[in-house]
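In: From the sequence below, what's the structure:
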Amino acid sequence: MEATRTFKDRFFLVIKGLGMGAANKVPGVSGGVVAFVAGFYEEFIYSLQRVNKTAFKLLFNGRFKSFYRYVNGRFLALLFAGMVISYFSVSKILDYFLQHYELYVWSLFFGMIIGSIYYINKDFNDWNYKSIIALTIGIILGVSISFLDPATENDNLLFVFFCGIISVSGMTLPGFSGSFILILLGNYVLLLVDSVNALYDTFSELISGDFSFIKNEVRIRLLKVLGIFTLGSVTGLVTFSHLLSYVLKHYKSITIASIIGFIIGSLGVVWPWKETIFKTHENGSFLLDSRGEKIIANYERFLPELKSETYFAFGYILLGILVVLALEWYGKRTNKTHV
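Out: Take a look at the predicted model:
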């Protein structure tokens with residue numbers, strides 16, 4: 001695979017990793033959709049599936065080059081490099097825009113999901129009663145998840161490990177938002193904001209020669225949480241990839257129909273016109289998490305009024321659709337180049 005991958009392809013693979021990383025952090029958006037639309041989903045699942053007993057034997061026997069080639073190492077390394085860079089750059093930018101231009105960000109992703117539905121569905125012709133049932137179940141599950149109330153924050157390390165396994169589901173299962181599941185589990189801020197910021201602050205201090213974080217119990221706890229979360233994520237990636245590879249091989253039509261359903265259902269999560277509802281005590285005061293911030297209970301969705309910002313939002317929805325169509329075009333062009 002790598003023999004035909006040019007420098008340009010490798011550069012764009014990092015960009016795709018940036019896209020997956022950014023998508024994974026936005027509640028309701030799935031990084032797996034980026035992989036699916038950009039044309040490298042099957043290679044991604046195949047490469048992760050190669051992390052098996054044979055791979056570990058090569059690794060433990062010191063045959064590092066063989067291990068690297070066996071697991072399609074350059075592909076995974078470039079992709080994950082993009083994801084890591086995303087968490088410290090693109091996701092930071094996303095946080096800013098979500099805070100200041102929330103409506104337009106949700107509109108952009110809403111359009112991208114609509115474009116993804118079109119992309120996946122246009123080449124799928126195996127509609128029968130089984131695939132229609134799978135589509136319906138996928139839609140129902142996707143919509144049902146969007147109306148669940150989030151739990152409270154929990155930094156128990158075993159639970160954090162479980163969150164890691166669940167969070168990467170969005171990378172391997174298009175339409176299933178791992179970040180939104182983390183909100184429902186109550187640990188989105190802890191794992192994708194506080195812990196990542198703690199790692200960023202630690203690196204910044206280390207570069208300047210400051211080792212005072214060693215005595216910071218809160219920082220050490222957050223770094224430990226991030227480590228366990230990462231371990232759970234890796235475990236989930238490998239586990240889901242083996243499971244999905246088997247399912248795609250034996251039940252491809254049903255799986256794709258379910259994915260389409262999940263993605264349709266996720267439109268409720270990223271509906272641009274919504275207000276945040278917070279949990280309250282019986283006396284009316286807000287429930288707060290460990291950071292002193294109000295705990296989200298759910299979203300109240302509403303139909304937009306016809307005004308200038310609504311028209312701009314429609315424009316961003318259209319832009320989101322065009323972004324997906326551009327990814328589709330690039331994915332086809334890349335695949336033709338490699339044939």
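
In: Surely residue 299 is within a helix?
Out: No - counting by DSSP: H, G, I helix; E, B strand; the rest coil, residue 299 is not part of a helix but strand.

In: That one - nearest residue in space that isn't next to it in sequence?
Out: Of all residues not flanking residue 299 in the chain, residue 274 sits nearest, at 4.2 Å (CB to CB, 6 or more residues apart in numbering). No exception for glycine: its C-beta is placed from N, CA and C like everyone else's.

In: What pLDDT does the model give the one you found?
Out: Residue 274 carries a pLDDT value of 84.

In: same deal with residue 159?
Out: 93.

In: which residues does it contact?
Out: For residue 159, the contact set (CB atoms under 8 Å, 6 or more residues apart in numbering) comprises 185, 187.

In: change it to 10 Å
Out: 151, 185, 186, 187, 228, 232 (CB atoms under 10 Å, 6 or more residues apart in numbering).

In: For it, pull up the helix or strand it's in.
Out: Secondary-structure assignment from DSSP states H and E places residue 159 in helix 157-167.

In: Please tell me I have it right and the residue nearest to residue 299 contacts residue 267.
Out: No - counting by CB atoms under 10 Å, residue 274 does not reach residue 267; the two are 12.0 Å apart.

In: Among the contacts of residue 159, list the two that are farthest apart in space.
Out: Across the contacts of residue 159, the longest distance by CB to CB is 18.2 Å; it joins 151 and 228.

In: neighbour count winner among these two?
Out: Neighbour totals were compared for residue 151 and residue 228, and residue 228 leads with 22 against 13 (other CB atoms under 10 Å).

In: I'd assumed that one was in a strand, is it?
Out: No - counting by three-state DSSP, residue 228 is not part of a strand but helix.

In: In this model residue 164 seems to touch it, though I could be wrong.
Out: Yes - taking contacts as CB under 10 Å, residue 228 lies within contact range of residue 164: 7.0 Å.

In: Mutual contacts of those two, please.
Out: Here residue 228 and residue 164 share the contacting residues residue 191, scored by CB under 10 Å, 6+ apart.

In: what about the residue lying closest to residue 98 once chain neighbours are set aside, neighbour count?
Out: Once flanking residues are discounted, residue 98 sits nearest to residue 105: 5.3 Å by CB to CB, 6+ apart. The local packing of residue 105 (other CB under 10 Å) involves 19 other residues.
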